[in-house]
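K.L.:
Generate coordinates for the sequence data below:
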Amino acid sequence: MCRIWKAIAAVALMMVVATSCSKPNEPNDGGNNNSPNDSIVDNNDSIDGHDYVDLDLPSGTLWATCNVGANSSEDVGDYFAWGETMPKGIYDWKSYKYGKLVNERNRFELNKYCTDSLFGVDGFVDNLSVLEPIDDAATANWGKDWRMPTREEWEELYQKTICTWTTQNGVKGRLLTGCNGNSIFLPATGFHLDGELICIGLGIYWSSSLYSGSPERAWSFHFDFENCHVCGTYERSRGQVVRAVRVGQ
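P.N.:
Numbers count the residues shown, from 1 in each chain. Below you'll find the predicted structure:
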C-alpha cells in the first residue's frame with residue numbers, strides 16, 4: 001500500500017510542477033506554493049514541550065516539527081558548530097571547542113572526535129565517530145529524550161519520503177512527506193562562516209556523525225531547490241542548524 005501511495009503522490013506532485021529528492025535532475029519552479037497549510041500534521045505528538053511526527057519510517061525514528069531554538073516549523077532556530085551546544089557570534093576554528101590552533105603548522109588540531117592521528121593534537125586519536133550526549137545540541141537543549149540524527153537517519157528520511165521544494169508561510173524549504181501522509185518542513189537556513197550568514201537559499205542541517213575519512217568535517221543534510229543529499233564536506237567549526245529526533249516507543 002505504501003508503494004501505491006507513493007506512486008499516486010508522485011504523479012500529483014508532477015502535476016503541480018513539484019520536484020522530489022528521488023529525481024534531483026528535475027528542478028521545479030523554485031517554490032511558488034504559498035499555502036499556509038502545506039505541512040499541517042494531524043498525528044503529531046509532544047514531549048518536553050516539543051512536537052514530533054511519525055513519518056512511518058522503517059527505523060521508527062520520530063522527527064521534531066521544528067529546529068532546535070525555533071518557535072515554529074518555518075523558524076530557522078539556532079546555529080551550532082558541530083559538537084557545541086550553544087549558539088555564538090563567530091563560527092571559526094579559533095573559537096571552536098575541541099582542539100587548538102597550531103600557528104607554526106598553520107592548522108587546527110583536534111582533541112576530541114578524531115579518527116586520524118594526522119588531525120589530532122600531538123597525534124591524538126579517540127576514534128569517536130558519533131556525538132556523545134554531552135556534545136549533542138538537541139540533547140543539551142531539549143533533554144535526554146532528544147538527539148541529533150545520524151547520517152543514516154538523514155538518508156532514511158529523504159529516501160523514504162517524498163521531498164518537495166516549496167514555500168510555506170513565505171519561507172522556502174523542503175516538505176518531506178511520509179507514506180502515511182504526515183510531513184515535516186525544513187526551512188532553507190544557510191550557514192554561519194566566521195561572522196557572516198551565507199548561502200541563505202540552501203538548507204544545511206548537521207548530523208551527529210563524524211566524517212571519519214577527514215575528521216575535521218562532519219556529515220550534513222544539504223538541499224536547495226533542485227536536489228538534496230547527505231554530504232560530508234562541511235567543517236565542524238561552521239554554524240549550522242539542528243533538527244532533533246527521538247526513538248519511537
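K.L.:
So for the closest residue to Glu155 other than its chain neighbours, what's the pLDDT?
P.N.:
Sequence neighbours aside, Val230 is the residue nearest to Glu155 in space, at 5.4 Å (criterion: CB to CB, 6 or more residues apart in numbering). To be clear about C-beta, it is placed using only N, CA and C from the backbone, and glycine gets the same treatment. If you check Val230, the pLDDT there is 95.
K.L.:
Equivalent analysis for Gly89, please.
P.N.:
Gly89 is given a pLDDT of 95.
K.L.:
likewise Pro27?
P.N.:
Looking at Pro27, the pLDDT reads 33.
K.L.:
Now do the phi/psi pair for Leu118.
P.N.:
When quoted as degrees, to the nearest 10, the phi and psi of Leu118 stand at phi -70, psi -20.
K.L.:
neighbours around the residue nearest to Glu155, how many?
P.N.:
19 (other CB atoms under 10 Å).
K.L.:
Need the residue closest to the centroid of the protein.
P.N.:
The centroid of the chain falls nearest to Tyr205 when counting by CA atoms, centre = their mean (2.7 Å).
K.L.:
Quick check, Thr85 in contact with Pro133.
P.N.:
No: Thr85 is beyond contact range of Pro133, at 10.0 Å (criterion: CB atoms under 8 Å).
K.L.:
Settle it for me: which of these two has more neighbours?
P.N.:
Thr85 (19 against 13).
K.L.:
Now for that one: which residues touch it?
P.N.:
Ile134, Asp135, Asp136, Ala137, Ala140, Asn141 (CB atoms under 8 Å, 6 or more residues apart in numbering).
K.L.:
can you pull out the helices in the chain?
P.N.:
With DSSP state H as the criterion, the chain has helices at 2-15, 137-142, 151-159.
K.L.:
tell me the mean pLDDT over the shortest one?
P.N.:
This means helix 137-142. Per-residue scores along helix 137-142 average to 98.
K.L.:
Quick one: residues in contact with it.
P.N.:
In contact with helix 137-142 (CB under 8 Å, 6+ apart) are residues 48, 50, 64, 68-69, 78, 80, 84-85, 133-134, 146-148, 206, 242, 244-245.
K.L.:
Now list the buried members of those residues.
P.N.:
50, 64, 68-69, 78, 80, 84-85, 146-148, 206, 242, 244-245 (16 or more other CB atoms under 10 Å).
K.L.:
how many other residues sit next to Lys112?
P.N.:
For Lys112, using other CB under 10 Å, the count is 17.
K.L.:
oh sorry, the question was meant for His229
P.N.:
There are 13 residues near His229, going by other CB under 10 Å.
K.L.:
try the one 10 residues further on
P.N.:
A total of 27 residues lie near Gly239 under the criterion other CB under 10 Å.
K.L.:
residues near the residue nearest to it when sequence neighbours are not counted, how many?
P.N.:
Spatially, and ignoring its direct neighbours in sequence, Gly239 is nearest to His192 (3.0 Å; CB to CB, 6+ apart). Counted with other CB under 10 Å, residues neighbouring His192 total 23.
K.L.:
Also Val102?
P.N.:
Val102 - counted by other CB under 10 Å - has 12 other residues nearby.
K.L.:
Next: Val130.
P.N.:
Val130 has 16 nearby residues by other CB under 10 Å.
K.L.:
cool, Thr61 as well?
P.N.:
20.
K.L.:
wait, it sits on Gly248?
P.N.:
Yes: between Thr61 and Gly248 there is a contact under CB under 8 Å: 6.9 Å.
K.L.:
C-alpha coordinates for stretch 74-81, CSV please?
P.N.:
Taking Å, rounded to 0.1, in the frame of the first residue of the first chain, the C-alpha atoms of stretch 74-81 are listed here in CSV:
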residue,chain,number,x,y,z
GLU,A,74,9.3,27.9,9.4
ASP,A,75,11.7,29.5,12.0
VAL,A,76,15.4,28.7,11.3
GLY,A,77,16.3,28.5,15.0
ASP,A,78,19.8,28.5,16.4
TYR,A,79,23.1,27.7,14.7
PHE,A,80,25.8,25.5,16.3
ALA,A,81,29.3,24.4,15.5
